[in-house]
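J.: Build the 3D model from these lines:
(one chain, ligands or ions: 1)
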Amino acid sequence: MTTTQPRLRIAMQKSGRLSDDTQALFKRCGLKLNLTDRRLLAHVSNMPIDIMRVRSSDIPGLVMDGVCDLGIVGDNTLEETALERELMGSKSAYVRTCSLNFGGCRLSLAMPEEFNYQGIKSLNGLRFATTYPQLLQRYARENGINVNFCMLKGSVEVAPRVGLSDGICDLVSTGSTLEANGLKEVEVIFRSKASLIQTATPLSPEKQQILDTLLPRIQGVMKAKESKYIMLHAPKDKIAQVSELMPGKETPTILPLAGRDDLVAVHVVATETFFWETMEKLKALGCNSILVMPIEKMMG
Ligand code: ATP
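T.: A predicted model of the protein is given here:
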């Protein structure tokens, strides 16, 4: 009798704002898979993992119902589905395995530019077009106002102009779409990023073992994305001031330079943003050959 090895099933958005970043994350974690064909269940050839490609809005439910072991989805979709399922008495539990550093956006209330906004109370009794009625109503309740809503799955920004609603409650990243549609953002009601979630029921030991290999890779890719490798030449007598200017908490590596008694090479992994201003200060201290490089992978 042959036994098949269990495979970890991960749901991802098939196409849309999260799909490219999710695909890039899998690639950087070393997963070999072909997402270019039209199969909705893609087989990872070098790890016991299957990727299920679905609509973003279906991902929380698939994980909450245990159809998929894990999923990558925006916190906005996750929270909206959890609230909706709680209301309906369906399964709404899940575990947030880790927060990812892409898909950043905010759910905001926006009104026509001519609206005289006088604080949250001036929105009492108004009607909002939204894809996120649960998040909207929770925010209204918490702020002591009543709002009505009409559900729209797309092109929400057009609703006030055509008389469907007074304002909108929609996702914003730069604000340029709002501006282009004559709207102004008045309140941010929820901040969102993509998350890796998993079922509330513990995974089988075999599946847990697969996740224990995958998770450090995901965390390593996230950490590497935020970090930079900095190399520069510094005057030997300025090492203390140079080290002080380095962003992050890593201790710099100091290396001798061939044929130079006055200069040393300083290498450091910076875990915080390295600003032009810091480079200018380093230059002013007599540093040169300042290089800031991306890091591909990190572990430990
Ligand atoms: P579906 O896959 O069900 O069609 P969707 O219509 O929400 O989902 P997208 O518009 O691709 O699909 O958005 C997917 C997710 O991307 C959002 O739920 C949100 O978490 C994130 N996101 C990041 N920035 C934005 C933005 N400016 N507008 C909308 N979503 C954004």
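
J.: partners of the residue in the stretch 51-200 of the chain positioned nearest to the ligand in the sheet?
T.: Nearest to the ligand, among the residues of the stretch 51-200 of the chain, is residue 74, at 2.1 Å (C-beta to the nearest ligand atom). To be clear about C-beta, it is placed using only N, CA and C from the backbone, and glycine gets the same treatment. Judged by DSSP bridges, the bridge partners of residue 74 are residue 194.

J.: Next: residue 232.
T.: Taking DSSP bridges as the rule, residue 232 bridges to residue 266.

J.: wait, doesn't it sit right on residue 289?
T.: Yes: between residue 232 and residue 289 there is a contact at 6.0 Å, judged by C-beta atoms under 8 Å.

J.: Neighbour count: these two, which is higher?
T.: Taking other C-beta atoms under 10 Å, residue 232 and residue 289 do not tie; residue 232 has more neighbours (23 against 11).

J.: And the more buried one, how close does it get to residue 275?
T.: Using C-beta to C-beta, to the nearest Å, residue 232 is found at 15 Å from residue 275.

J.: for residue 58, what are its contacts?
T.: residue 11 (C-beta atoms under 8 Å, 6 or more residues apart in numbering).

J.: Report the secondary structure state of it.
T.: Recorded secondary structure, residue 58: helix (DSSP: H, G, I helix; E, B strand; the rest coil).

J.: related to what we said a few turns ago, verify the contact between the residue of the stretch 51-200 of the chain closest to the ligand and residue 103 for me.
T.: Yes: between residue 74 and residue 103 there is a contact under C-beta under 8 Å: 5.2 Å.

J.: ok, these two, which is more surrounded?
T.: The neighbour comparison of residue 74 against residue 103 (other C-beta under 10 Å) goes to residue 74, with 27 against 22.

J.: Skipping its backbone neighbours, what lies nearest residue 91 in space?
T.: Distances taken as C-beta to C-beta, 6 or more residues apart in numbering put residue 64 closest to residue 91, at 4.8 Å, once the chain neighbours are dropped.

J.: So for the one you found, what's the pLDDT?
T.: With respect to pLDDT, residue 64 scores 98.

J.: How about the one 5 residues further on?
T.: Taken from the predicted model, the pLDDT recorded for residue 69 is 98.

J.: quick one: contacts for it?
T.: 8, 9, 10, 63, 198, 199, 203, 207, 211.

J.: wait, is the fifth one part of a helix?
T.: No: the secondary structure assignment for residue 198 gives strand rather than a helix, going by three-state DSSP.

J.: Okay, the residue positioned nearest the centre of the chain and residue 175: tell me how far apart.
T.: In the chain, the centroid-proximal residue (C-alpha atoms, centre = their mean) is residue 102; its distance is 3.0 Å. Distance of residue 102 to residue 175, computed by C-beta to C-beta: 19 Å.
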